[in-house]
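Trainee: Sequence and predicted structure are below.
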Amino acid sequence: MQDLDLNIRHGAYLPHWTKDGAVYHVRFRLADSLPQEKLKMISDERKGLMNRIKNRKPTKYELKRIDELFSESVEGFLDAGYGACWLNRNDVAKIATSTLTFFDQDHYDLYAWCIMPNHIHVVVKPDGNYQLQNIVKSWKSFIAKSSNKIIGRTGTFWQREYYDHIIRKEERIETVIDYVWKNPDKAGLKNWPWRWKSI
């Protein structure tokens, strides 16, 4: 990946770093996928950190802590299967699969994806004409509407914000793909069918 200028877009709760031509690891989760007390603790720390870096570039430590708050510290709770876990249903997982793959090699290139019971991981490179935020919004919208219809429910399906991470030069894309692929194994889900990787 070329070392191009980094752009920062502030979402509802966290910043999103973007680069033209970048490959991203994206994770979005169901609205009820975290216990409320844990969510509040993470949210309070995030707000404090975001307020500190609002008008300046974050330090390396702050970037690392942001990654931790939106990935590692949350991942254990997600893998524990908290919440209704609608994505554990085959009919809902099929909707998610077809939605993720529908515009592959047109609006974006998929490198890997994994549909967990209460969250989804994707490794994706947007086409130059499409922004990551619009791609993720489209995925979430279509999956939510179609899934709510099948389940027979109304209301919020996804957590409003999503986590994304640019796969930087010092990282190996194969390592991130492997992480996404092995996520079900780490969570104790045997013979998990709802995952794919390109390499």
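Mentor: All right, it came through fine. Numbers count the residues shown, from 1 in each chain.

Trainee: And the strands in the protein, which stretches?
Mentor: For the chain, applying DSSP state E gives strands covering 7-10, 15-18, 24-29, 108-115, 119-126, 163-166, 195-197.

Trainee: Comparing these, which comes out most buried?
Mentor: strand 119-126 (a mean of 23; mean count of other C-beta atoms under 10 Å). Backbone N, C-alpha and C define where each C-beta goes, glycine included.

Trainee: Just want the angle from it to strand 108-115.
Mentor: 170 degrees (axes from the mean of the first three to the mean of the last three C-alpha atoms, to 10 degrees).

Trainee: Throw the strands of the chain into JSON lines and include distance to Arg153, thanks.
Mentor: Below are the strands of the chain laid out as JSON lines (distance: least, C-beta to C-beta, whole Å):
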{"stretch": "strand 7-10", "distance to Arg153": "31"}
{"stretch": "strand 15-18", "distance to Arg153": "29"}
{"stretch": "strand 24-29", "distance to Arg153": "17"}
{"stretch": "strand 108-115", "distance to Arg153": "19"}
{"stretch": "strand 119-126", "distance to Arg153": "18"}
{"stretch": "strand 163-166", "distance to Arg153": "25"}
{"stretch": "strand 195-197", "distance to Arg153": "25"}
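
Trainee: Tabulate the ones you listed (JSON lines), appending mean pLDDT and distance to Ile151.
Mentor: Below are those laid out as JSON lines (pLDDT from 0 to 100; distance: least, C-beta to C-beta, whole Å):
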{"stretch": "strand 7-10", "mean pLDDT": "55", "distance to Ile151": "32"}
{"stretch": "strand 15-18", "mean pLDDT": "63", "distance to Ile151": "29"}
{"stretch": "strand 24-29", "mean pLDDT": "94", "distance to Ile151": "17"}
{"stretch": "strand 108-115", "mean pLDDT": "98", "distance to Ile151": "15"}
{"stretch": "strand 119-126", "mean pLDDT": "96", "distance to Ile151": "16"}
{"stretch": "strand 163-166", "mean pLDDT": "88", "distance to Ile151": "24"}
{"stretch": "strand 195-197", "mean pLDDT": "98", "distance to Ile151": "22"}
